[in-house]
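>>> With the input below, show me the fold.
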Amino acid sequence: MSNAKNGEERADAESVAEESVAAESVSADSVTAEESADNRSNPLPPAEHWWPKLSVEAKHALLENLHAPLGAVIVQEIALITKRSRDTGIAHLSEEDRRYILTQIEPVD
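Numbering: from 1, shown residues only. The predicted structure is shown next:
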């Protein structure tokens, strides 16, 4: 009876582990989908078009948290640099923009 009980406990543990992995996978997919929806509803031009010309102050503000929503002042500066109008909605950096910015970091005054 002990062996049967151990077998059941192992099966239960494996089932719980599989459910946990599945839940993590769904959660990661949801974040990706939400980020994609944000970028579609409030698209920014690619960072390579505006990052080199962005003010030092705006660069510092962005680098404090690359995952935070962009402030209105930064969004306005990006719009001026790229000569594009910009909705007043919330804007976030895309994953590609974050990667680009991290490769371009240089000491700023």
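>>> From now on I want contacts and neighbour counts done on CA atoms only, so please keep to that.
OK.
>>> What ranges does this structure have for its helices?
Remark: helices assigned in the chain by DSSP state H are 2-41, 47-50, 56-64, 72-82, 95-103.
>>> where does the chain have low pLDDT?
1-42, 86-89, 107-109 (pLDDT under 70).
>>> Which parts of it belong to which domain?
Using automatic domain parsing, the domain parsing of the chain gives 1-41, 43-109.
>>> can you pull the buried residues of stretch 64-71?
Neighbour-count burial for stretch 64-71 flags L66, L70 (criterion: 16 or more other C-alpha atoms under 10 Å).
>>> Please name the residues that touch the closest residue to T82 other than its chain neighbours.
Using C-alpha to C-alpha, 6 or more residues apart in numbering and skipping the chain neighbours, the partner closest in space to T82 is W50 (6.4 Å). Neighbour list for W50: I78, I81, T82 [criterion: C-alpha atoms under 8 Å, 6 or more residues apart in numbering].
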